[in-house]
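Student: After the sequence you'll find the predicted model.
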Amino acid sequence: MWDTSSRRYGTVMLLSSLLLASYSLDTLDQTQKLANGQTRVSLNGTFELGFFNRTTSTTKWYIGIWYTVSPEIIVWVANHDNPLNDSSSTLSISKGTLVLIDSLQNIIWSTSVNPSMPKMSDPILKILDSGNLVLKDQNRDNILWQSFDYPSNTFLPGMKIGKDLTTGFEWNITSWKSRNDPSKGNYCYKMDTLGQPELVLWDGERIKFKTGAWVGPRFSGLPEMATYENMLNFKLFSTSKEVIYSIEADKSMRLSRIVLNETGVLQRIMWDHDQKNWYVYWFWPNDMCDSYAKCGPFGTCNSNEAPICKCLPGFSPKSPKEWTMRNNLGGCERETPLNCQGNSYGFKSVKSVKLPDTENATVDASISIMECKRRCSINCSCLAYSLLDISGGGSGCIMWGYEYDLIDIKYIEGGQDLYLKLDKSYLDATGKRKIQVLIGIMVPTTVMLLVLLTVHCIRLRRRKIKTGYPDLGKEKSNYKESGSLHDTELPMFDLETVKAATANFSDANKLGQGGFGIVYKGVLSGGEEIAVKRLSKGSSQGLNEFKNEVMLIAKLQHRNLVRLLGCCIHDSERILIYEFMPNKSLDFFIFDKVRREVLSWTMRLEIVAGISRGILYLHQDSRFNIIHRDLKAANILLDKEMTPKVSDFGIARLFKREQNEMDTGRVVGTRGYMSPEYAMEGKISVKSDVYSFGVLLLEIISGKRNQGNHNLIAYAWQLWQAGRIIQLADEAIDNAGSVASDIVRFIHVGLLCVQECADDRPTMSTVLSMLSNEGMSLPEPKKPVLSTKITPESSSSPIELTLTCIEGR
Ligand SMILES: *[C@@H]1O[C@H](CO)[C@@H](O)[C@H](O)[C@H]1NC(C)=O
Ligand SMILES: *[C@@H]1O[C@H](CO)[C@@H](O)[C@H](O)[C@H]1NC(C)=O
Ligand SMILES: *[C@@H]1O[C@H](CO)[C@@H](O)[C@H](O)[C@H]1NC(C)=O
Ligand SMILES: *[C@@H]1O[C@H](CO)[C@@H](O)[C@H](O)[C@H]1NC(C)=O
Ligand SMILES: *[C@@H]1O[C@H](CO)[C@@H](O)[C@H](O)[C@H]1NC(C)=O
Ligand SMILES: *[C@@H]1O[C@H](CO)[C@@H](O)[C@H](O)[C@H]1NC(C)=O
Ligand SMILES: *[C@@H]1O[C@H](CO)[C@@H](O)[C@H](O)[C@H]1NC(C)=O
């Protein structure tokens, strides 16, 4: 009896050691010890458990889990705070716990014992394909301990962030202290269960950011969560016992992790299997408005505007002086006290926002938004309300009380609406009614209107535009029709005028087609030539938002910007009217064999300088800090003196759902001009414009397109390295004398502008001084990204390219 069983045992041993020789096993049983140098690999080979070291001043050893494809990426660490000093330690199972024992038999680290779990007879340790390390009964599924309950700085699909409300146990993500030190750092990402659940990023004792309340499919302040299609499913389970947030990955999803990095930034990082590289898909916080309570109580934050802080309607800055100095933490206060009697108040919608902090809000999932509104309107201590769950048709109710502040409101694309209780005098009437009110009751306003109309008249005359603009009578009726343009300086055209000018948008009048619409040439009845941009229907913005944006664009006036003359709004039609540029666009010249002969070096120099002044104005000198987003030769127009004028600026802002983000995998912009960080992460900044400008500069000098099979940047870089950069210049340029050194300097600046890392690129003001200052010594350009392969068609892998400058930092 004894004999046979022991023989059988021997056979099993033999078998398993054979297996050991040919396969990586995924388990450790009670008889085994895992020594330094040995590992266990999950069944399908994704994750590996073992010892790893980090060298600081002395080498420290840890037990951890990493990806087999990329062993330097540690997703979990056991002995965070107790590194081993030598390499002769072992991991083993002892009395139902996992223990890490050093060479002197000290226990350095061990798993906690869950007293509620039954004793196990035969526990084993197993590394699963999800990356979870579990201590479980060999034959049953009850888990004694699992690494997913003790996250490190990495949040993997299947893990949780949350709270057990009965025991107080928390699942949270904590940063490492530094790149080589996995001990607990200052940042912690955890669940906040007060009010409607949300996640909070803490910096020690201070709230750094909040995601905003969970509103059904996502957190209120993270609309980009909707952009993963179905590759990742975000879930929040909330019961009286626990509140848990987790992410499930679809089978087709590539390796992906969220890391809370040492600087307190959450990054979603994905694995590009072909390039064998990790790339940052998304990170958060990513703009100034993410900072908690940035604009104080009753303030709203919009990072697309300058200044970024505004007060809610009906509120004004508490301390106007501090507010103008952009110290906004003091926030705003109500202008007119709210009289909670009769019907002297109503609700105003604050559009497309991250909801205010719900810490002290009242939540009711069982009622409709109509009922929510009714309850809030009859309840004097209710200040505002909104939808609780935005999925489907929307349902549920959040109400904010009068005695608390509305705080941490941020404008976001695709945000939800907040309904704010306000005195009737602040409420929107329809356009018509407003005008009636203005004219009928408010005499001073009528007078103002007349003054403004007179100003128009003078302006129009000054611009010598004789006819074609609507006459004053018509203009008045336009104002009535469209409601609130009474304070504008921008002429409104009616659709009939535009149609007549363009022969009903005839193809014969088509000048070009861009990302945002088609441009036609038009002639007004007085003979004045105009360019008419008929925006594509994607600009689904509300009327008022649209007008505000157009007003903003109209205010941008510079010698090197194309001037906006007016606009036309009719039903869903949105049209912009610009001054007409007789010499077409730059691409018409520089890429044409014959026509580019006309462009002498002096002309090219003037053109480059003019473009850079125009961009500098957009970036910095205008009050609005506009990023162009689509600079290219076709967007540089030339007037009759060949003065370059940047066109299409600000237009991206007219499109409510800006398509620059990676949501659909579509990136607006033009191949060849897109900076790598924009192409890859949809990340837009003044430096992405600088990149496009750099490409444009190289094109102007070389007379060659950076497009198709011709990678101008790679070619320029090759010549630069070979010390033959002057060969890049167009043969049509006479490069005799001192011209050659100017050409080389310009190309040098171009190469500085197309450097891979945005931080390395100069700003436009530096570019201008580099271009104009012969004596200035320029830094050596770093290698640009030489090839970018973008596949917008495939939604699961929008971008196949890696930014080494982000990973490297
Ligand atoms: C640290 O680990 C690496 C890879 O496992 C190994 O090559 C190296 O020798 C270790 N360093 C020390 C000081 O043991
Ligand atoms: C490692 O060395 C440090 C400094 O000598 C000591 O404080 C620490 O206790 C040692 N750790 C272990 C696990 O031996
Ligand atoms: C291994 O399993 C995990 C979890 O099921 C899955 O996400 C991953 O794609 C699998 N990897 C391979 C190489 O099959
Ligand atoms: C994170 O969770 C762990 C485990 O529950 C807990 O000990 C720790 O205090 C939590 N950290 C913070 C900052 O709440
Ligand atoms: C943290 O992530 C941000 C955003 O991707 C990045 O800019 C920063 O360099 C990262 N910090 C570290 C220490 O990796
Ligand atoms: C919620 O109420 C508490 C207690 O009055 C207060 O300290 C806290 O600031 C309030 N939170 C918000 C977001 O208003
Ligand atoms: C009135 O609104 C406040 C704030 O939302 C809420 O706390 C209170 O329960 C409401 N009262 C009633 C009777 O609904």
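Tutor: That came in fine, so what should we check first? Ligands and ions are numbered 1, 2, ... in the order given.
Student: Can you spell out the domain ranges of the chain, please?
Tutor: Domain ranges of the chain: 23-149, 151-286, 293-430, 431-467, 468-580, 581-809, per automatic domain parsing.
Student: From ligand 7, how far out is residue 82?
Tutor: Going from residue 82 to ligand 7 by Cβ to the nearest ligand atom, to the nearest Å gives 48 Å. Where C-beta positions appear, they are placed from N, C-alpha and C, glycine not excepted.
Student: in which helix or strand would I find that residue?
Tutor: Here residue 82, judged by DSSP states H and E, is contained in no helix and no strand.
Student: Thought residue 109 was touching it, still the case?
Tutor: Yes: counting by Cβ atoms under 8 Å, residue 109 is a contact partner of residue 82 at 5.5 Å.
Student: Same drill for these two, tell me which one is more crowded.
Tutor: residue 109 (21 against 15; other Cβ atoms under 10 Å).
Student: Check whether that one sits in a helix, strand or coil.
Tutor: strand (DSSP: H, G, I helix; E, B strand; the rest coil).
Student: give me every residue that touches it.
Tutor: Contacts here follow Cβ atoms under 8 Å, 6 or more residues apart in numbering; on that basis residue 109 touches 63, 78, 79, 82, 99, 100.
Student: List only those of those residues flagged as buried.
Tutor: 63, 78, 79, 100 (16 or more other Cβ atoms under 10 Å).
Student: what's the least confident helix or strand in this protein, going by average pLDDT?
Tutor: The helix or strand of the chain with the poorest confidence is helix 472-482; it has a mean of 29 (mean pLDDT, DSSP states H and E).
Student: Now for the residue in the stretch 401-550 of the chain that ligand 4 sits nearest to, how many residues are close by?
Tutor: Using Cβ to the nearest ligand atom, the single residue of the stretch 401-550 of the chain nearest to ligand 4 is residue 408, 20.0 Å away. By the criterion of other Cβ under 10 Å, residue 408 has 30 neighbours.
Student: Please apply the same query to residue 372.
Tutor: 22.
Student: And residue 139, by the same measure?
Tutor: Residue 139 has 9 nearby residues by other Cβ under 10 Å.
Student: That one contacts residue 122, correct?
Tutor: Yes: using Cβ under 8 Å, residue 139 is in contact with residue 122, at 6.9 Å.
Student: Now the closest residue in space to residue 678 that isn't next to it in sequence: which helix or strand?
Tutor: Nearest non-adjacent residue to residue 678, counting by Cβ to Cβ, 6 or more residues apart in numbering: residue 688, 4.6 Å away. Residue 688 belongs to helix 686-702 when assigned by DSSP H and E.
Student: How about that helix and ligand 5, touching?
Tutor: No: using Cβ under 6 Å from any ligand atom, helix 686-702 never reaches ligand 5; the gap is at least 13.5 Å.
Student: For the stretch 401-550 of the chain, which segments are assigned as helices?
Tutor: For the stretch 401-550 of the chain, the helices defined by DSSP state H, counting those that start in this stretch cover 431-440, 443-462, 472-482, 495-501, 543-555.
Student: Let me see the contact set for the residue of the chain at minimum distance from ligand 2.
Tutor: Closest to ligand 2 within the chain is residue 85: 3.7 Å, counting by Cβ to the nearest ligand atom. Neighbouring residues of residue 85 by Cβ under 8 Å, 6+ apart: 58, 60, 61, 102.
Student: rerun at 7 Å
Tutor: 58, 60 (Cβ atoms under 7 Å, 6 or more residues apart in numbering).
Student: Could you list the low-pLDDT ranges of the stretch 501-650 of the chain?
Tutor: 515, 538-541, 623 (pLDDT under 70).
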